[in-house]
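J.: Got a predicted model here, sequence first, then my questions.
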Amino acid sequence: MPFSRRSEVLDRRILGGRLYLGSTLWAGLHLGGGLLLWGLGAYLDRPGTDPRWLLLTLAGVCSAVLLRRIAPGVGLAVASLFLAADIALGPSAAVFIVYGEVLYAVGAWSRRRLAYATAAVVAAVAAAVLGILLYLLAHGVLGGLLDVIQLLGLYVLVFIAPLMTGLTVREHHLRAELERQRADQRVRMAELDRGTAVAEERGRMARELHDVIANHLSAIAVQSTAALSMRDPDPERIRQILGVVRDNSVQGLAEMRQMISVLRADDTPDLERVMPRLSEADRLVTTARQSGLDVRIEQLGTERPLPVQVDAAAYRIVQESLTNALRYAEPRRVAITVEYAAADTAGAEGDRLVLTAENPAPDRPEPDWRAELGGGAGLTGMRERVALLGGRFEAGPATDGEAGWRVRAELPLGRPGEPEATDGHRTGMGA
């Protein structure tokens, strides 16, 4: 039987939980060994004292071993009383041996305060015993220094060694328990990390799905509304509208299939192959113009290759800005600026890509159109994308005196840094 299995069997409680099986067997083993030593005469026979009284003290100290796991302090008190009686009647070697087992139990399983208090008492008694032995040596009672060493060594072997062994076992138990707690904590942290990773992945998927669907469906909705509002059907105009609807439907389905293929991939997908790029934003502008939106796009600075994540985020920001303008701009126009800011003009922040989108706001009281613009997830997704790349994001009413809505995103082109805090009032408004 493996050692761990034997330990579980011996640690099982018996008699309604009042005793341990291992303690009972250990007490019986000590009693049997004590009876053997008593039969061999391992005791001091005092004149006028019946040696059979020593069997009573042996049984008493062995009964204290029964309490070594459930009440080691009580067991120590009981064993100490029978040890004192054994010294007065004998003493006998078996009682001292069993008393050492009780001291071990106190060191290993009692409360910390009791264990170290017992150690202090045993150390104090050791100092007193050493003083007495030296006094007896000085007055010629003992034969020599060897007798002092032998008696002191006997005290250490019977009292100090078992107690120190128990204290050492206690420390090993505490360390093992601490390691178990740390292991449980690592498991919990792993579960939390897994949950966080799942939540982040769900958020990323939600952003991607929103960006893919909202743009195309918004264009389809606008064109469908225009077709339904026509009083006199114009075959050429209807054909043009249906062409825009078809193009957006096909393109939306293609992007959806691309995303689904990535999600279904068994191995790690090639993200660079499936992520959109800012250079592909021309088709977004074309679709928006076909839907009746006046789009003006301007590029500033020297164009340079963009990191994959920045490239995809810039594409989505342009896409969402066009979608918002298509849905809410009055009159229907939007101005987009793409600026490649070099390090010498951006200060210590390094090269950055700055995207700005401005469109007129609805011609109505500010609280009404702000409430209308503040219900969706578009700006939330843009803000999260920029924050993950360590950039800055602002969205809100234009501050140049004109009635309009302005979105500005700064994306670092070097190594992403820590996300910066943004103005909660301005960035908290969705589109």
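T.: Received it, and whenever you're ready, just let me know what you need. Numbers count the residues shown, from 1 in each chain.

J.: Got the confidence number for the residue most central in space within the chain?
T.: Note on the chain: the residue nearest the mean C-alpha position is M189, at 2.4 Å, using CA atoms, centre = their mean. We note a pLDDT of 90 for M189 in this prediction.

J.: From the contact counts, what lies against whichever helix or strand it is part of?
T.: Element membership of M189, judged by DSSP states H and E, is helix 161-228. Taking 3 or more CB pairs under 8 Å, 6 or more residues apart in numbering; DSSP states H and E as contact, the helices and strands that helix 161-228 lies on are helix 93-109, helix 112-138, helix 235-264, helix 282-290, helix 308-328, helix 378-388. (Glycine included, C-beta is placed from N, CA and C.)

J.: got the angle for that helix vs helix 378-388?
T.: Interaxial angle of helix 161-228 relative to helix 378-388 (axes from the mean of the first three to the mean of the last three CA atoms, to 10 degrees): 140 degrees.

J.: and the angle from helix 161-228 to helix 112-138?
T.: Going by the same axes, to 10 degrees, helix 161-228 makes 160 degrees with helix 112-138.

J.: okay, the angle between helix 161-228 and helix 235-264?
T.: Inter-element angle recorded for helix 161-228 and helix 235-264: 170 degrees (by the same axes, to 10 degrees).

J.: Centre of the chain to helix 161-228, how far?
T.: Remark: helix 161-228 is offset 8 Å from the chain centroid, using CA atoms, centre = their mean, to the nearest Å.

J.: Please tell me how far the residue nearest to I14 when sequence neighbours are not counted sits from A27.
T.: Spatial nearest neighbour of I14, excluding adjacent residues (CB to CB, 6 or more residues apart in numbering): L21 at 5.1 Å. Computed as CB to CB, to the nearest Å, the L21 to A27 distance reads 11 Å.

J.: just A254 next, same as before
T.: A254 is 81 Å from A27, by CB to CB.

J.: Give me the more crowded residue out of these two.
T.: With neighbours defined as other CB atoms under 10 Å, A254 and A27 compare such that A27 has more, 22 against 11.

J.: thought that one was touching V61?
T.: No: applying CB atoms under 8 Å as the test, A27 and V61 come out as separate, 9.5 Å apart.

J.: where are the low-confidence patches of this structure?
T.: The model of the chain has pLDDT under 70 over residues 1-11, 15-18, 211-212, 214-215, 259, 262-274, 343-349, 362-377, 399-403, 414-431.

J.: how is it carved up into domains?
T.: 3-189, 199-427 (automatic domain parsing).

J.: thinking again about what came up before, what sits against the residue nearest to the centre of the chain?
T.: Listed by CB atoms under 8 Å, 6 or more residues apart in numbering, the contact set of M189 is empty.

J.: can you confirm L411 is in a strand?
T.: Yes: assigned with DSSP: H, G, I helix; E, B strand; the rest coil, L411 falls within a strand.

J.: Would you agree it is in contact with A312?
T.: No: using CB under 8 Å, L411 makes no contact with A312, being 10.5 Å away.

J.: Compare neighbour counts for these two and give me the winner.
T.: Shown here are L411 and A312; by other CB under 10 Å, L411 has more neighbours (25 against 22).

J.: can you tell me which residues contact that one?
T.: Contacts of L411 (CB under 8 Å, 6+ apart): 310, 313-314, 352-355, 386, 389, 391.

J.: and which of these is nearest to L56?
T.: L56 has its nearest neighbour among the contacts of L411 in L389, at 84.0 Å by CB to CB.

J.: where's the closest one relative to V338, distance?
T.: From L389 across to V338, the span is 16 Å (CB to CB).

J.: out of the two, which sits in the busier spot?
T.: Taking neighbours as other CB under 10 Å, L389 and V338 compare with L389 leading, 23 against 19.

J.: measure that one to L411 for me?
T.: 6 Å.

J.: Common neighbours of those two, please.
T.: Common neighbours of L389 and L411, using CB under 8 Å, 6+ apart, are 310, 313.

J.: quick one: the helix or strand I149 falls within to chain centroid distance?
T.: Assigned by DSSP H and E, I149 belongs to helix 145-155. Its chain's C-alpha centre and that of helix 145-155 lie 56 Å apart, by CA atoms, centre = their mean.

J.: now the angle from it to helix 112-138?
T.: For helix 145-155 against helix 112-138, the angle by the same axes, to 10 degrees is 160 degrees.

J.: so what's the residue nearest to P397 when sequence neighbours are not counted bridging to?
T.: Nearest non-adjacent residue to P397, counting by CB to CB, 6+ apart: W405, 6.6 Å away. With DSSP bridges as the criterion, W405 is bridged to N359, P397.

J.: isn't W405 right up against R327?
T.: No: if you go by CB under 8 Å, W405 and R327 don't touch, sitting 11.2 Å apart.

J.: In terms of neighbours, single out the busier of those two.
T.: W405 (26 against 19).

J.: For that one, which residues are in contact?
T.: W405 is in contact with 324, 328-329, 358-361, 373, 395-398, counting by CB under 8 Å, 6+ apart.

J.: hmm, 7 Å instead?
T.: 359, 361, 373, 397-398 (CB atoms under 7 Å, 6 or more residues apart in numbering).
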